[in-house]
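Participant: Predicted model, plus sequence, below.
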Amino acid sequence: MGLFKNFVSQIRKPEGFLGQMMVNGMNSGHAKMADWGMAHLKTIAPEEILEVGCGGGRNAHELLRKYPSSKVTAIDYSDVSVAKAAAYNTGMIQKGRCKVQQGDVSNLNMNEQYDLMMKYKGTYL
């Protein structure tokens, strides 16, 4: 597999060095679209937010800024994404406002109640 094809394959589940590069690119590359989506959210005051497919953690960070009294649980199934998201949100994790965990959305046990859910690529529910 060529280098370009190997890099592009990192979109689905980033792994290794190329995956780290992909996650860094996702944080900046998806920023405008995610910000546009968040700007169209109704005025709400969610207590608990779930972000599925959190990638590098940038959107979780922005949700924490937009909703200063909320807590965010960010989930991704890529080890690389989870590590980057945790590093990106270290301060909020230490304050108890953010949890970053590894998980597969097809196997999530949704016992918790969430007021706002966000999934990959800025789609809001």
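Facilitator: It's in. This structure is a prediction, so every number in the text was calculated from the model and none was measured.
Participant: Looking at the protein, which helix is longest?
Facilitator: Criterion DSSP state H: the longest helix present in the chain is helix 16-29.
Participant: Can you work out which other helices and strands pack against the next helix-or-strand element following that helix?
Facilitator: Next along the chain after helix 16-29, taking DSSP states H and E as the criterion, comes helix 31-39. Applying 3 or more CB pairs under 8 Å, 6 or more residues apart in numbering; DSSP states H and E, one finds that helix 31-39 makes contact with helix 58-66, strand 123-124. The C-beta positions use only the backbone N, C-alpha and C, and glycine is treated the same way.
Participant: least reliable of those going by mean pLDDT?
Facilitator: Lowest mean pLDDT within the helices and strands packed on helix 31-39: strand 123-124, a mean of 44.
Participant: pLDDT weak spots in the chain?
Facilitator: Filtered on pLDDT under 70, the chain yields the residue ranges 1, 3-4, 6-12, 110-112, 119-125.
Participant: go again using 80 as the cut-off
Facilitator: 1-16, 18-19, 21-22, 24, 26-27, 29-30, 42-43, 105-112, 115-125 (pLDDT under 80).
Participant: Identify the residues contacting the most centrally placed residue in it.
Facilitator: The centroid of the chain falls nearest to Cys54 when counting by CA atoms, centre = their mean (1.8 Å). By CB atoms under 8 Å, 6 or more residues apart in numbering, the residues touching Cys54 are Ala60, Ala74, Ile75, Asp76, Ser81, Val82, Ala85, Val100.
Participant: so who does the residue nearest to the third one when sequence neighbours are not counted touch?
Facilitator: Closest residue in space to Ile75, ignoring its immediate chain neighbours: Gly103 at 4.6 Å, by CB to CB, 6 or more residues apart in numbering. Applying CB under 8 Å, 6+ apart, one finds that Gly103 lies in contact with Ile75, Asp76, Tyr77.
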